[in-house]
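1. Quick one: sequence plus predicted model below, questions after.
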Amino acid sequence: MSELQDMLRVQARLHRKQGANALGDLFESAAKEINQYESALKEWIEKTEWVQNSANANELGVHRADALSLRISDLKSELAKANERVKELDEIADTAFKYNHSSAECLRAWRKLQQLRKEQG
């Protein structure tokens with residue numbers, strides 16, 4: 001419990017003894033609210049510690065929430081690129097199935113597929 005919470009609880013008791021229950025309740029409520037915020041902060045720190053421990057060079061000095069946002073943005077970009085690759089491969093596969101295996105179009109599609117696989121490495 002923080003020093004501020006201790007002071008608020010003391011004030012709450014003092015005001016209740018003097019008959020000012022509403023004011024005492026207000027101080028008690030403030031102490032409880034601070035406790036809720038402290039609990040939420042501790043939970044956030046515990047659940048985002050991995051971000052701090054795995055920081056990249058471009059994330060040094062960056063707030064954890066901002067680092068998470070950057071990582072999410074990067075992952076979304078990578079996902080979009082991967083989805084484009086999948087679309088290309090699907091088109092190649094569709095082309096290959098449309099033509100028989102001896103056709104020139106099928107051979108071009110197969111070569112394109114091999115090229116894309118090499119690029120993905």
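-> Alright, I've got the coordinates. Residues are numbered from 1 along each chain as shown.
2. From now on I want contacts and neighbour counts done on CA atoms only, so please keep to that.
-> OK.
3. longest helix anywhere in this protein?
-> In the chain, taking DSSP state H as the definition, the longest helix is helix 64-98.
4. State the mean pLDDT of that helix.
-> Helix 64-98 shows a mean pLDDT of 88.
5. For the following helix or strand past it, which helices and strands make contact with it?
-> Once the chain leaves helix 64-98, the next helix or strand it forms, by DSSP states H and E, is helix 104-120. Judged by 3 or more C-alpha pairs under 8 Å, 6 or more residues apart in numbering; DSSP states H and E, the packing partners of helix 104-120 are helix 64-98.
6. Return the set of buried residues in the helix it packs on.
-> Judged by neighbour count using 16 or more other C-alpha atoms under 10 Å, the buried positions of helix 64-98 are 64, 67, 68, 89, 92, 95, 96.
7. returning to that earlier point: and the angle for the longest helix of the chain with helix 104-120?
-> Between helix 64-98 and helix 104-120, the angle comes out at 160 degrees (axes from the mean of the first three to the mean of the last three C-alpha atoms, to 10 degrees).
8. Summarise which helices and strands helix 64-98 is packed against.
-> helix 49-53, helix 104-120.
9. Could you dump those into JSON lines with mean pLDDT added?
-> What follows is those, written out as JSON lines (pLDDT from 0 to 100):
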{"stretch": "helix 49-53", "mean pLDDT": "89"}
{"stretch": "helix 104-120", "mean pLDDT": "79"}
